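# Below are the sequence and a predicted model; questions follow.
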Amino acid sequence: MPEQNIELTSTEIASLWTSYMNNTMSKCVLSHMSNSITDQTIADAIDKALVISVKEVEKLEQIFQEENFAQPYGFTDKDVNLAAPALFTDTFSLQYINHMAKAGMLAYSGFTAMSFREDIIQHFTTTLSETAKLYNQTNNALKEKGMLVRSPYIIPPSENDYIDSNSYLSGLNLFHKKRPLNAIEISHLFLNTQTNNIGYKISLAFGQTSNDKDVQDYMMRGKDISQKHVKIFADTLIEGNIQSPMSSDIGITESTNKTFSDKLMMFHMSLLSASGIGNYAAAAGASQRSDLAVNYERLSFEIAQYAKAGANIMIKNAWLEQPPATADRENLIKNKKSEQR
């Protein structure tokens, strides 16, 4: 069968739909950032990110048309006020692009792995490559400006060894001293400290520019959760005599002007929440000290509850777009029976 006649699978449909939602949102955020950046190096990185999102949206719209795939509503120019003053500082904008490039590489590698049609695989592979280049560009820009926050250093091992006791997995027993953190556990604590720092600043920015009390309260709740999680991860590192990663507190301006639609801001928070739950699940699975795994599971549940509260707000305001789904066969049969009566 010719490749173009092969129907899209459920995973390909999910990947295309998700990519469209994410990139129409990114297009709005990046367009506003691009209007207010003064540093040329940072402006170049933002323009590169914007080009990736614009190209992705255009290609996806072409695929939707060719496949008779109902184009998602996503986000449009109506969801961003380009005339609003800068909401984020230049330096935070660079950190934001770097963070979103990391998330993008994970997303596009997943989309590629879940695709089967050659043209879809090629599309996501190309976008993954462009996103990886963006990540390198932003990393170099952060290094150039002395803003790259590196993970903690440890001494490389001089010899190999095997775990010889079950106590290596312990961490909850109050009568046993916790073993030192290993490199894998440190890496996840570092990553989750960084992502929560980003989430903390985005929550504050969205909260101060929304005119909706429910959205404001939700963003402040997100800010509190992020702060709490940063403290837990930082304290865990400090207890292990490891310096917690530091970043600049400067991130958002004092603008209270409406910059993004409440729909877009709530979607962005749902995206961060989903990413956080995924990060915690990976960290729990990789961490061999039991106290760390329990912490990640507990904090993951807190984010899940937060995400559900956000979904309720979005449903209440008709902001939550429904993903493609299979037909409700039972409902179809019921409707047919009703028509036959």
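On my side now, so go ahead.
# quick one: average pLDDT of stretch 239-248?
Average pLDDT, stretch 239-248: 76.
# So A103 versus V51, what's the distance?
A103 is 18 Å from V51, where distance means C-beta to C-beta, to the nearest Å. Backbone N, C-alpha and C define where each C-beta goes, glycine included.
# Buried residues of whatever helix or strand S31 lives in, list them for me.
With elements taken from DSSP states H and E, the one containing S31 is helix 10-36. Buried residues in helix 10-36, counting neighbours by 16 or more other C-beta atoms under 10 Å, are found at 12-33, 36.
# repeat for stretch 195-206
By neighbour count on 16+ other C-beta under 10 Å, the buried set for stretch 195-206 is T195, N196, N197, I198, G199, Y200, K201, I202, S203, L204, A205, F206.
# so how far is N140 from the third one?
Okay, so that is N197. Distance from N197 to N140, by C-beta to C-beta: 21 Å.
# quick revisit: if you count what's nearby, which of A103 and V51 comes out ahead?
Set A103 next to V51 and count neighbours by other C-beta atoms under 10 Å: A103 wins out with 19 against 13.
# pull the CA atoms of the host helix or strand of that one into CSV?
Secondary structure from DSSP H and E places A103 in helix 90-113. Provided in CSV are the C-alpha atoms of helix 90-113 (Å, rounded to 0.1, in the frame of the first residue of the first chain):
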residue,chain,number,x,y,z
ASP,A,90,15.6,39.2,28.9
THR,A,91,17.6,36.8,31.0
PHE,A,92,14.5,34.9,32.2
SER,A,93,13.3,34.7,28.6
LEU,A,94,16.6,33.0,27.7
GLN,A,95,16.2,30.5,30.6
TYR,A,96,12.6,29.9,29.5
ILE,A,97,13.6,29.1,25.9
ASN,A,98,16.3,26.8,27.2
HIS,A,99,13.8,25.0,29.5
MET,A,100,11.2,24.6,26.8
ALA,A,101,13.8,23.3,24.4
LYS,A,102,14.6,20.5,26.9
ALA,A,103,10.9,19.7,27.1
GLY,A,104,10.6,19.9,23.4
MET,A,105,13.4,17.4,22.8
LEU,A,106,11.7,14.9,25.1
ALA,A,107,8.3,15.5,23.4
TYR,A,108,9.5,15.1,19.8
SER,A,109,11.6,12.0,20.6
GLY,A,110,8.4,10.5,22.1
PHE,A,111,6.3,11.5,19.1
THR,A,112,8.9,10.0,16.8
ALA,A,113,9.0,6.7,18.8
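# which helices and strands does it pack with?
Contact here means 3 or more C-beta pairs under 8 Å, 6 or more residues apart in numbering; DSSP states H and E; on that basis helix 90-113 packs against helix 10-36, helix 40-66, helix 118-144, helix 183-209.
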